[in-house]
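Chemist: The following block contains a protein sequence and its predicted model.
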Amino acid sequence: MLEIHQFPCLSDNYGYLVHDPASGQTTCIDTPDADEYLNQAQTKGWTITHIWNTHWHPDHAGGNDAIKAATGCIVIAPAEVERIAKPDQVIAHGDTVSLGAFTADVIDVGGHTNGHIAFHIPEASVAFVGDAVFALGCGRMFEGTPEQFWASLERIKALPSQTMLYCAHEYTQANAKFAMHADPENSALADYAAEIERKRATGTPTVPTRLERELATNPFLRADNPALMAKWGGQTPIETFAALRAGKDNF
Ligand SMILES: [Zn+2]
């Protein structure tokens, strides 16, 4: 069985180490903080063999070189990561990567950055989605277009609904406030927002989140919902997504 170790990093990132006990292989999902990753791996008694990057931002790939220098691990990343550290292997949509006997499908989720990818491991019902989608939110659209970002979110929406989404930040409380503003009639969202308040009051992580719940509550995944389209003035899901994204940016 795949083991996932989650820990806070920097101010609001989550670090993930994914370990396959059968092969002994361990991959870092992104590298916000090299020292923290090395310490956490040592505490778990795991040897880092790989780094899988989701996108090039320094709070995701900034620790690549230091972790590689310390462990000799293999860095597997989308081409855009070359901006800050040269990967050993460049991957893109449709590729697969292995951790022991587990296989991750590489999915294009561009929009936050153009080359952003996600790693979906069907056998474990998990997906590492970086800054493409968050609990009740999605990443800021720094490089992509609404068309591109919506197509990326549709690929995430199409994953099995029981998939656990491992997002890279604890942004959920702020996201919930905007989601309630965006979709005030949604009772499933109101319940979810109340649960988030309780969890954050005790410092409990709200990540990972199950896709099924996000499909019912996350306004950015629901830009094709007729009520949201009417409220946000979009004629199409892409227009509605763009209006929601701009609304959140200015909220
Ligand atoms: Zn980012």
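Modeler: Perfect, thanks for sending it.
Chemist: The ion contacts on the stretch 51-200 of the chain?
Modeler: Residues of the stretch 51-200 of the chain lying close to the ion (CB under 5 Å from the ion) are H57, D131. From N, CA and C alone the C-beta is placed, and that goes for glycine too.
Chemist: all strands of the stretch 51-200 of the chain, in order?
Modeler: Applying DSSP state E, counting those that start in this stretch to the stretch 51-200 of the chain gives strands spanning 74-77, 89-90, 96-99, 102-108, 117-121, 126-130, 133-134, 137-138, 164-167.
Chemist: chain center to the top helix by length along the chain, what's the gap?
Modeler: When the chain is parsed with DSSP state H, its longest helix is helix 187-201. Offset of helix 187-201 from its chain centre (CA atoms, centre = their mean, to the nearest Å): 20 Å.
Chemist: For that helix, list every residue counted as buried.
Modeler: Going by neighbour count (16 or more other CB atoms under 10 Å), the buried part of helix 187-201 is L189, A190, Y192, A193, I196.
Chemist: One more: stretch 68-77?
Modeler: Going by neighbour count (16+ other CB under 10 Å), the buried part of stretch 68-77 is K68, T71, C73, I74, V75, I76, A77.
Chemist: Stretch 163-179 too?
Modeler: 163-173, 175-176, 178-179.
Chemist: Figure out how far it is from the centre of its chain.
Modeler: Distance, centroid of stretch 163-179 to centroid of chain: 9 Å (CA atoms, centre = their mean).
Chemist: Same question for stretch 182-199.
Modeler: Remark: stretch 182-199 is offset 21 Å from the chain centroid, using CA atoms, centre = their mean.
Chemist: cool, stretch 40-49 as well?
Modeler: Computed by CA atoms, centre = their mean, the chain-centroid distance of stretch 40-49 equals 22 Å.
Chemist: measure that stretch end to end?
Modeler: End-to-end distance for stretch 40-49: 14 Å, by CA to CA, to the nearest Å.
Chemist: hmm, who's touching it?
Modeler: If you take CB atoms under 8 Å, 6 or more residues apart in numbering as the criterion, stretch 40-49 is touched by 5, 7, 15, 17, 19, 24-28, 37-38, 67, 71, 73-74.
Chemist: Mind checking which of the residues you listed are buried?
Modeler: Here, 16+ other CB under 10 Å leaves 7, 15, 17, 19, 25-28, 37-38, 67, 71, 73-74 buried among these.
Chemist: What residues does D108 make contact with?
Modeler: A92, H93, H116, I117, S152, R155.
Chemist: Type out the PyMOL command that picks the buried ones from those residues.
Modeler: Buried members of these, defined by 16+ other CB under 10 Å, are picked up in PyMOL with:
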select buried, resi 93+116+117+152+155
